[in-house]
Structure formats: structure tokens, C-alpha cells
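Participant: have a look; sequence and predicted model below, questions after that.
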Amino acid sequence: MLRLQMTDGHISCTAVEFSYMSKISLNTPPGTKVKLSGIVDIKNGFLLLNDSNTTVLGGEVEHLIEKWELQRSLSKHNRSNIGTEGGPPPFVPFGQKCISHVQVDSRELDRRKTLQVTMPVKPTNDNDEFEKQRTAAIAEVAKSKETKTFGGGGGGARSNLNMSAAGNRNREILQKE
């Protein structure tokens, strides 16, 4: 089913290939002259075209054809990375399962010991001096052992909680009286 944008130079309208038309396809260049004859049905603002009410006359509009051919040549390069790493996955119609090209050997995965931590090999070069400075800085900070409080002090927050608890007790006493 094709959708066509048609104009007579003054008015533009949209047409739909209602039944197969042998003379119009995706390879029909823009600017091709079409003659509408007889009664053409209109549904929801679309002209419904078929072979009986449409005649292709031909003709060319050069600047439209140049742009169209450029777009067609560039479309071959568009989305060239489909299915490759970093690109979108290939389209799979609904109801069909995705076929994976990469087969994973589950026995090899079972043999792997993923929970064991392997120690990375550290290169011994200029990093020795850095490590000495780092450990010295950590030791200096550990000596000072200054306790830090976060949130504005611990004692005041507890006293607020106690006050609210006492306030609830007072309410209970007032309600009993």
C-alpha cells in the first residue's frame, strides 16, 4: 500500500493505493504526472486510487529526481550497523523468536569460579613512592581519630523524642479525666 502526495500546483492532497497499481511503485520518481479519471472515492481525506481511475502520464521534475536519487543512495548507508555491536538489534516480527548467532557453552560457564577474587598484579615502578605517601597519610589521619557527628548533634535529637513521648502521656491523662 503506497501513500502519494499529489498536487496540481495550487492544491495538495494525499492519495492511497487502495488496490494494487501496476504503473506506480516505490521506483516511480517524484514529479511523475498522473491523470485521475472517472469517480475517485475519498475516505477520511485520502483519495482512494486503483488502476481503473488512475493513468500514469510520465514526466520528470529534475530537482525532485536529484533529491530523490540522493536519498535512495544514502539509504543504503543508513543504519548500516544493525545487528553489530553498538547498533540496534535486527527487527524480528511479532510472534517469532529471536535467533542468537552466538552460542554460549553452559558447561564452560559452570566451570568458571566467579566468586573467587583474583588479586590483580600491580606493576612495581613509580607507584611505590605514591603508596608510601598514601599509607603515611592514612596513618596520620588514624592517629588524630577525631570523632565526627553528623546531623546536628545526637543528644538534642533524643531529647526531642523524649519530649514528644511525654506529651503523649499528658494527652492520655487529660483524656481520662
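Facilitator: Yep, it's here.
Participant: buried ones in stretch 6-15?
Facilitator: By neighbour count on 16 or more other Cβ atoms under 10 Å, the buried set for stretch 6-15 is A15. Quick note: C-beta positions are derived from backbone N, CA and C, even for glycine.
Participant: now it: mean pLDDT?
Facilitator: For stretch 6-15, mean pLDDT is 92.
Participant: for L26, which residues are in contact?
Facilitator: L2 (Cβ atoms under 8 Å, 6 or more residues apart in numbering).
Participant: just say helix, strand or coil for it.
Facilitator: Using DSSP: H, G, I helix; E, B strand; the rest coil, the structure places L26 in coil.
Participant: now it: how far from K67?
Facilitator: 16 Å (Cβ to Cβ, to the nearest Å).
Participant: equivalent analysis for G38, please.
Facilitator: G38 is 32 Å from K67, by Cβ to Cβ.
Participant: so which of these two has more stuff around it?
Facilitator: K67 (12 against 7; other Cβ atoms under 10 Å).
Participant: where does that one land in three-state SS?
Facilitator: helix.
Participant: count of residues packed around the nearest residue to it once chain neighbours are set aside?
Facilitator: Of all residues not flanking K67 in the chain, P30 sits nearest, at 7.9 Å (Cβ to Cβ, 6 or more residues apart in numbering). As a burial measure, P30 scores 13 neighbours (other Cβ under 10 Å).
Participant: what strand or helix carries P30?
Facilitator: Using DSSP states H and E, P30 sits in no helix or strand.
Participant: next: I39.
Facilitator: Using DSSP H and E, no helix or strand contains I39.
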